[in-house]
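J.: Sequence and predicted structure below; questions after.
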Amino acid sequence: MNKQSASHKDIEREKLFLGICMALVPTAFSFILVSNILNQLKTEFILTNAGVGYIGGAALWGMSVSLLTIGPFMEKFGLKKAAMGAFAGHISGVTLFLVAYFFAGDPVAFWILFAGAIGMGFGNGMIEVAGNPLTAALYPDNKTTKLNHFHGFYTGGLVVGGLLGWGMSQIGTIGAINIGHWTAQMALVYIPILIYGWLLFPRKFPQTETAQAGIPIKEMVSYTFTNPYVLGLILLMMFTLGMEMGPMRWIPGVLQAAGLHGMLVLVWISGLMFALRMYAGPFVEKFSPTGMLIGGSILTFLGLLIFSFVEAGIALLMLAGALFAVGIAFFVPNMIGLMSERFPKAGLLGIVLLIGMGFVGGGASNAIMGEIVDSYMPEALDEQRTVQILRQVEERFPAHLEKAEKASGNRQALAELGYRAADVSNILEHTGAALTYYQEHGVFEGSSTGNALRALIDSGMPQEQQLIEQASGVLRPADNYGGRMAFRWVAPIALLSGVVYLLWFIRDQHRGGYQVERLEKREAPAEA
């Protein structure tokens, strides 16, 4: 069923597909390597905790901007231009990141790093814009399986990038070269960027399916925003991606509490997802996308449920992680496959909105789970030790603040201190709020107490390493407990989503089984 149509006879399908798959590797590398080097960036550039957070989040912002503001218009300009935009974003983003090295200690370095992260995020978003409809156009008779393969390269990139970053950090220096330095790790991202550029740009791209069928953009837009099933699928994607992105924020912490390295946890889960996506074909053929989404929802529910009840025991936690990984592995590619196969008239716009709004749901899930964690966390805090830590901060940190304020504007003095006044002010502000609430109510308030302890830990102040270790010892089990309670609240959403997929599956069976919708061509397509 995977034969090329006559209109694609001069399209080098295999090389184009390999190229667009390779283009997801920089997305994975940038995500996992930037996470791996944030502490180095904070130390070398004397960044505040907020600054580090902005740089870490900028890649997601850049991705969201390109998906939701530029992506919908790329139907007019073509998939090749979208891929070229991704290449420009990736190259400029990595280059800006590395250029910032020469401005270490200068306040402008933060903005260079921030712009670099935005550039990489823009490139990541444009690859989603180009890659999903390109895959559908290249394999019109096998969309869902090939979309699983396409998205498999992202998880494969997480595995390779995670292992490389972890290994380089562990090895450190080889001769005169520090391969663990953040510049060496970021330079790795150039390799897959150049490879996908070499594979893609000399070749002709097909038009999107809607362009080949001669469907006007105005009609595609009208169809997308008036079809209740398309809108319902987009809404469902918000919950589905929320079940993936929200728990993924807390699962590494739960497993770390059991003695596993956080980076290796992510690599292990990503490795399972990679294998499943690359061998998705038989499952798609046997169960259909809706059937796979039912199974994924049930396994996600079971994984989260086990996580919510098991505090220790590596074997059970690894089982929970495996169930969760198998469950979420097929969510994104099968949802995109469902949109492309059942509602092809929504075209690139439907796919872009599906992914973009999915990320909105994922971000909301992170925030909601964070609120749940903070609401339960005080129940697991060691009251005496927590009060002791907060009072030591209240007593000692005004002196640290005074030193940082005196060093303000003096790069060498700030580098010697290893922290900035804004970080200490933030710690003191949250500590004051936490202690005031405790003194007035006799119990801890989750948000202020959690923020106070996290701000202290994230500061990494060399002068207070012992206190930071004590704070970590208090916060880790409390966060573990709060995370497990959050899993218990989120797990039923997976089951409810599964019910929706089940109803869809039953509806399909009553109509003769899962059917792929075909667009009738209104005019002879012209290739771009």
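T.: Right, received. Where do you want to start? Small disclaimer: the values here were computed from a predicted structure and weren't measured.
J.: that's a strand at Gly512, yeah?
T.: No - read with DSSP: H, G, I helix; E, B strand; the rest coil, Gly512 is coil and lies in no strand.
J.: going forward, begin numbering at 387 instead of 1
T.: Shifting the count to begin at 387 puts that one at Gly898.
J.: what about it, distance to Tyr540?
T.: Noted for Gly898: a distance of 34 Å to Tyr540, by C-beta to C-beta, to the nearest Å. Yep, even glycine has a C-beta here, placed from its N, CA and C like the rest.
J.: Comparing those two, which residue is more hemmed in?
T.: Between Gly898 and Tyr540, Tyr540 has the larger neighbour count (other C-beta atoms under 10 Å), namely 24 against 7.
J.: separation between that one and Val411?
T.: From Tyr540 to Val411 the distance is 8 Å (C-beta to C-beta).
J.: what do you get for Ser726?
T.: Counting by C-beta to C-beta, the separation of Ser726 from Val411 is 23 Å.
J.: higher neighbour count, these two?
T.: Ser726 (28 against 23).
J.: From the contact counts, what lies against the strand or helix carrying that one?
T.: Here Ser726 sits within helix 717-728, counting by DSSP states H and E. The contact analysis (3 or more C-beta pairs under 8 Å, 6 or more residues apart in numbering; DSSP states H and E) places helix 717-728 against helix 494-524, helix 529-557, helix 614-643, helix 667-695, helix 733-762.
J.: which one of the ones you listed lies closest to Phe488?
T.: helix 494-524 (8.6 Å; C-beta to C-beta).
J.: What is that closest one packed up against?
T.: Using 3+ C-beta pairs under 8 Å, 6+ apart, helix 494-524 is in contact with helix 399-408, helix 410-431, helix 435-451, helix 465-485, helix 529-557, helix 595-598, helix 717-728, helix 733-762.
J.: By mean pLDDT, show me the worst of those.
T.: Confidence, taken as mean pLDDT, is least for helix 435-451 of the helices and strands packed on helix 494-524 (a mean of 79).
J.: Tell me where the stretch 737-886 of the chain has strands.
T.: Assigned by DSSP state E, counting those that start in this stretch, the strands in the stretch 737-886 of the chain number zero.
J.: quick check, distance from the helix holding Ser726 to the centre of its chain.
T.: 19 Å (C-alpha atoms, centre = their mean, to the nearest Å).
J.: Contacts made by it with the rest, please.
T.: By C-beta atoms under 8 Å, 6 or more residues apart in numbering, the surrounding residues in contact with helix 717-728 are 518-519, 522, 529-530, 533-534, 536-538, 595, 615-616, 619, 622-623, 626-627, 629-630, 663, 666, 670, 675-676, 678-679, 682, 732, 736-737, 740-741, 744, 902-903.
J.: Name the nearest residue to Gly558, ignoring sequence neighbours.
T.: Gly566 (4.5 Å; C-beta to C-beta, 6 or more residues apart in numbering).
J.: Let me see the contact set for the one you found.
T.: Gly566 neighbours (C-beta under 8 Å, 6+ apart): 554-559.
J.: at 10 Å instead, please
T.: 422-423, 426, 551-560 (C-beta atoms under 10 Å, 6 or more residues apart in numbering).
J.: pLDDT score assigned to it?
T.: So Gly566 comes in at 90 (pLDDT).
J.: Leaving out chain neighbours, which residue sits closest to Ser811?
T.: Per C-beta to C-beta, 6+ apart, closest to Ser811 is Leu787, 6.3 Å.
J.: neighbours of that neighbour, just the number please.
T.: Leu787 has 17 nearby residues by other C-beta under 10 Å.
J.: Against Trp875, how distant is the closest residue to Gly583 other than its chain neighbours?
T.: Closest residue in space to Gly583, ignoring its immediate chain neighbours: Phe473 at 5.2 Å, by C-beta to C-beta, 6+ apart. As judged by C-beta to C-beta, Phe473 and Trp875 stand 42 Å apart.
J.: So between those two, which is more surrounded?
T.: With neighbours defined as other C-beta under 10 Å, Phe473 and Trp875 compare such that Phe473 has more, 22 against 15.
J.: residue contacts, Ala838?
T.: Ala838 neighbours (C-beta under 10 Å, 6+ apart): 772, 775-776, 779-780, 812-821, 830, 857, 861.
J.: oh, I was asking about Ser811
T.: Applying C-beta under 10 Å, 6+ apart, the residues near Ser811 are 434, 783, 787, 790-791, 841.
J.: do Val886 as well
T.: 618-619, 621-622, 625-626, 676, 679-680, 683.
J.: count of residues packed around Thr481?
T.: There are 14 residues near Thr481, going by other C-beta under 10 Å.
J.: nearest spatial neighbour of it, skipping sequence neighbours?
T.: Gly502 (7.5 Å).
J.: again with Glu831
T.: Tyr823 (4.3 Å).
J.: now do Leu622
T.: Val886 (6.3 Å).
J.: Let me know the pLDDT of that neighbour.
T.: 95.
J.: ok, now which ones touch Gly548?
T.: Neighbours of Gly548 in contact, by C-beta under 10 Å, 6+ apart: 414-415, 417-419, 421-422, 649-654, 656-657.
J.: that older thread, the residue nearest to Gly583: what's it in contact with?
T.: 409, 412, 509, 512-513, 516, 579-580, 582-583, 586-587.
J.: Check the secondary structure at the nearest residue to Ile692 once chain neighbours are set aside for me.
T.: Once flanking residues are discounted, Ile692 sits nearest to Ala706: 3.8 Å by C-beta to C-beta, 6+ apart. Under three-state DSSP, the three-state class of Ala706 is helix.
J.: Ala706: how many residues sit nearby?
T.: Quick note: Ala706 (other C-beta under 10 Å) scores 24 neighbours.
J.: I'd guessed it sits against Val640; true?
T.: Yes - Ala706 is in contact with Val640 according to C-beta atoms under 10 Å; the separation is 8.6 Å.
J.: Can you check which residues contact both of those two?
T.: 693-694, 696, 873.
J.: Output the residues you listed in a markdown table; the columns should cover neighbour count.
T.: Output for the shared contacts of Ala706 and Val640, formatted as a markdown table (neighbours: other C-beta atoms under 10 Å):
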| residue | neighbour count |
| --- | --- |
| Phe693 | 28 |
| Ser694 | 19 |
| Val696 | 16 |
| Phe873 | 26 |
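J.: so which pair among those residues is furthest apart in space?
T.: Val696 and Phe873 (10.1 Å).
J.: Find residues that contact each of these two.
T.: In contact with both Val696 and Phe873: 640, 706, using C-beta under 10 Å, 6+ apart.
J.: tell me the SS of the nearest residue to Lys466 once chain neighbours are set aside?
T.: Spatial nearest neighbour of Lys466, chain neighbours left out: Phe591 (4.1 Å); criterion: C-beta to C-beta, 6+ apart. Under three-state DSSP, Phe591 falls in the coil class.
J.: Return the distance of Phe591 relative to Thr835.
T.: Distance from Phe591 to Thr835, by C-beta to C-beta: 54 Å.
J.: hmm, back to that, find residues that contact each of Tyr540 and Val411.
T.: Ile513.
J.: Low-confidence ranges, this protein, go.
T.: Scanning the chain for pLDDT under 70 picks out the ranges 387-395, 643-645, 647-648, 909-914.
J.: before we move on, the earlier item: what is the neighbour count of the residue nearest to Thr481?
T.: 26.
J.: list the contacts for it?
T.: So Gly502 contacts 416, 420, 441, 444-445, 448, 478-486, 572 (C-beta under 10 Å, 6+ apart).
J.: Now the buried members of the residues you listed.
T.: With burial judged by 16 or more other C-beta atoms under 10 Å, the buried subset of those is 416, 420, 441, 444-445, 448, 478-480, 482-484, 486, 572.
J.: re earlier: who wins on neighbours among the contacts of Val886?
T.: Thr626 (29 neighbours).
J.: How about that one: what's its closest non-neighbour residue?
T.: Phe717 (5.1 Å).
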